[in-house]
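>>> Below: sequence and its predicted model.
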There are 2 protein chains.
Amino acid sequence: MQFKELDPILHSQLRLAVISLLISVKEAEFTFLKEKTNATSGNLSVQISKLKEAGYIDIIKKFNNNYPQTICKITPTGIEAFENYVKALQTYMNL
Amino acid sequence: MQFKELDPILHSQLRLAVISLLISVKEAEFTFLKEKTNATSGNLSVQISKLKEAGYIDIIKKFNNNYPQTICKITPTGIEAFENYVKALQTYMNL
DNA sequence: TTTATTTTGTTTATATTATAAACTACTTTA
DNA sequence: TAAAGTAGTTTATAATATAAACAAAATAAA
């Protein structure tokens, strides 16, 4: 058996949690992600930017009740990357 | 569902690969680990030291045919940590 | 026999990453 | 209108991973 490379974009606790959430809900607000992951705003902001740069999520900025609102959606690329990451991880798991 | 913390000692591709190997073989030489993981010697040396510091493996240094030989063995603590890491990971996997 | 090469690593330096602290900009409430 | 809250971003720092350089002995080659 050979170990597969672990995508460094996803091999990060917070980014993995974000992608995991977005896989199940398809669309989520910044504040929702922040609550679910217990991340700080700064850390979450940085990590979703990296996910966007990688093309794994789209970020849509709106206003809602006069407040800025950041919405995240997973892309097909993101879904594929997550699936590959899970497969790669399994090579380490001795199942 | 809540995401579990990922043990930072194991949330590293190389250290995870080493532990994964040691779970199945119980004992392995430095050179064996190096080949199986495709790591550089320097990186492997650093990472097994960290695993030792964490109490996850024992490192035994001998001589074999006049050459130094470094042997790694997983400890019960290491086995437990690996099992917990796998369980924690599963909270991210949407199975 | 002395120079080069190989083996088996360690140590140190650098580049990358994650994270927290500080800041921005605007809104609501007192 | 001053204070506190919302929703983030930017910047600085700490931690990590990795590679490059080094070491020390063994063997092979000239």
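It's in.
>>> which secondary structure elements does the helix ranked longest in chain A contact?
Secondary structure assigned by DSSP state H gives helix A:76-90 as the longest helix of chain A. Applying 3 or more Cβ pairs under 8 Å, 6 or more residues apart in numbering or on different chains; DSSP states H and E, we find helix A:76-90 packed against helix A:13-25. The way it works is simple: take the backbone N, C-alpha and C, and place the C-beta from them, glycine included.
>>> Does chain B have contacts with the helix or strand just after the helix it packs on?
Next along the chain after helix A:13-25, taking DSSP states H and E as the criterion, comes strand A:27-29. No: for strand A:27-29, no contact with chain B is found by Cβ under 8 Å from any Cβ of the partner chain; the gap never falls below 14.1 Å.
>>> mind listing what's buried in strand A:27-29?
residue A:28 (16 or more other Cβ atoms under 10 Å in any protein chain shown).
>>> Could you list the paired strands of it along with their orientation?
Sheet pairing of strand A:27-29 (DSSP bridges) gives strand A:67-74 (antiparallel).
>>> List the residues that contact the residue most central in space within chain A.
With distances taken as Cα atoms, centre = their mean, residue A:19 lies nearest the centre of chain A, 2.7 Å away. By Cβ atoms under 8 Å, 6 or more residues apart in numbering or on different chains, residue A:19 lies in contact with A:10, A:51, A:56-57, A:74, A:78, A:81-82.
>>> swap the cut-off to 10 Å and go again
Counting by Cβ atoms under 10 Å, 6 or more residues apart in numbering or on different chains, residue A:19 touches A:9-10, A:12, A:47, A:51, A:56-57, A:72, A:74, A:78-79, A:81-82, A:85, B:92, B:94.
>>> near DNA strand D, which residues of chain A?
A:29-31, A:41-42, A:44-46, A:48-49, A:61, A:64, A:67-70 (Cβ under 7 Å from any atom of the strand).
>>> please redo it, this time with the cut-off set to 6 Å
A:29-31, A:41-42, A:45-46, A:67-70 (Cβ under 6 Å from any atom of the strand).
>>> List only buried entries from the contacts of residue A:19.
Neighbour counting by 16+ other Cβ under 10 Å classes A:9-10, A:12, A:47, A:51, A:56-57, A:72, A:74, A:78, A:81-82, A:85, B:92 among the contacts of residue A:19 as buried.
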